[in-house]
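Colleague: Sharing a model prediction with you, sequence too.
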Amino acid sequence: MIREQRTADRPPGLPAGSYVMGLTPFNRDGDLDEGALRAHVQWMARENVGFWPASPATGEGAQMSDTEILRVVEIVSEEAAGRSPVVAGNREFPTAAQNVRFAAEAQARGADAVQLYPPTLGHSFSPTAGMLRQFYDEVLSAVEVPVVLSSNFMTGFEVPASVFDRPLADHPHVVGIFKHHPDQHNVAEFVARFAPRTTVLTMTQKLMFSFAAGAAGELDNLQNVAPRLCRSLHDALHRGDLSAAGETYRTVTRLWSGISGFAAEFSAPRVVVYKAMLRILGLPGGHARKPYLELGEDATKALALMIDAVGLRDLEGLG
């Protein structure tokens with residue numbers, strides 16, 4: 001299911017679609033809430049959104065053990081099986097051996113693919129192009145599961161575009177690349193370079209212009225609270241309905257701005273905000289794991305007002 005056949009307008013690779021860096025629900029004691037996770041994945045699957053479980057940020061993978069991450073991968077794979085792709089992320093392991101081991105274990109638990117982050121070595125160290133080439137060749141030569149590469153400036157550095165040329169040429173099981181950067185020109189050039197060769201995903205906020213450059217879809221965290229809205233933008237663009245895409249994009253931007261403004265005003269991490277939004281909506285988002293702190297009463301009331309102002313319940317069919 002993970003590798004589409006080549007068509008006239010796009011290369012083979014990860015299916016074009018909307019993908020979520022899925023959150024991981026915990027109970028108040030900080031333990032994995034498996035029931036809430038299953039319900040959340042089912043909601044995403046009903047809205048035709050692919051799931052990226054236990055990402056380092058939104059999925060709180062950085063606070064989880066390898067055993068917990070792999071259990072999350074297993075649960076998500078069970079719930080999404082046959083409905084939407086599951087791409088397993090890890091805790092941004094710095095060594096090739098760790099990534100090879102994780103890829104095999106994630107595949108054994110049902111993952112359709114794994115995301116391969118560049119080696120993050122700590123203390124703001126940026127690996128050289130030579131180090132990156134060696135790392136990708138070592139990992140990709142040793143794994144069989146389909147792989148999605150990643151160039152995300154949030155890791156603290158950008159992977160030079162030229163580094164990805166050889167992995168794409170030498171390893172056919174590379175099925176896509178995720179690209180995130182605040183500079184739109186940077187993203188557009190990257191998409192134009194690689195879209196003829198593989199599936200390129202960008203953030204939802206970048207989709208309007210990155211789609212024009214050849215991006216096939218988006219990987220984001222907004223789908224955790226608005227899967228139908230995000231999928232609607234993706235679908236409108238792919239069917240060429242620019243009027244509907246423009247209207248939907250304005251709504252996406254309004255919601256994104258509301259969440260970003262709230263997070264800045266109350267100094268709240270986005271994962272804490274998303275989980276609070278789901279609880280307000282009566283959905284099983286669970287709680288964040290320490291050291292994250294829950295929102296206070298005033299912040300929760302303000303968040304509920306933002307949800308109502310955007311009309312999120314109606315947008316997602318939750319009214």
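Modeller: Thanks, I have the structure now.
Colleague: Poorly predicted segments of this structure, please.
Modeller: Scanning the chain for pLDDT under 70 picks out the ranges 1-12.
Colleague: For it, which segments count as strands?
Modeller: 18-21, 49-52, 87-88, 113-116, 147-152, 174-180, 199-202, 217-220 (DSSP state E).
Colleague: Could you single out the most deeply buried of the ones you listed?
Modeller: Across the strands of the chain, averaging neighbours per residue (mean count of other Cβ atoms under 10 Å) puts strand 87-88 on top, at a mean of 30. All C-beta atoms are positioned from the backbone trio N, CA, C, and that covers glycine.
Colleague: what comes into contact with stretch 70-87?
Modeller: Residues external to stretch 70-87 that are found in contact with it (Cβ atoms under 8 Å, 6 or more residues apart in numbering): 1-2, 14-15, 17, 19, 22, 24, 32, 34, 37-38, 41-42, 44-45, 48-54, 59, 64, 88, 105-106, 109-115, 148.
Colleague: if we can go back for a sec, for the strands of the chain, which one sits closest to residue 302?
Modeller: Across the strands of the chain, the minimum distance to residue 302, taken as Cβ to Cβ, is reached by strand 217-220, at 23.3 Å.
Colleague: Output that closest one as CSV, nothing but the C-alphas.
Modeller: As requested, the backbone C-alpha atoms of strand 217-220 are provided in CSV (Å, rounded to 0.1, in the frame of the first residue of the first chain):
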residue,chain,number,x,y,z
GLY,A,217,0.8,16.3,0.2
GLU,A,218,1.5,17.5,3.7
LEU,A,219,2.8,16.2,7.0
ASP,A,220,1.8,18.4,9.9
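Colleague: For it, which strands pair with it and how are they oriented?
Modeller: Using DSSP bridges, the strands paired with strand 217-220 are strand 18-21 (parallel), strand 199-202 (parallel).
Colleague: okay if I get the ones you listed as CSV plus distance to residue 100?
Modeller: Putting these into CSV (distance: least, Cβ to Cβ, whole Å) gives the following:
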stretch, distance to residue 100
strand 18-21, 23
strand 199-202, 23
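Colleague: Tell me which of the ones you listed sits nearest to residue 303.
Modeller: Distances from residue 303 to each of the strands paired with strand 217-220 were compared by Cβ to Cβ, and the smallest falls on strand 18-21, at 19.9 Å.
Colleague: what about that closest one, distance to the chain center?
Modeller: Centroid separation for strand 18-21 versus its chain: 5 Å, with Cα atoms, centre = their mean, to the nearest Å.
Colleague: elements contacting the lengthiest helix in the chain?
Modeller: Longest helix in the chain by number of residues, with DSSP state H as the criterion: helix 242-265. Using 3 or more Cβ pairs under 8 Å, 6 or more residues apart in numbering; DSSP states H and E as the contact criterion, the elements in contact with helix 242-265 are helix 207-213, helix 227-238, helix 270-280, helix 297-310.
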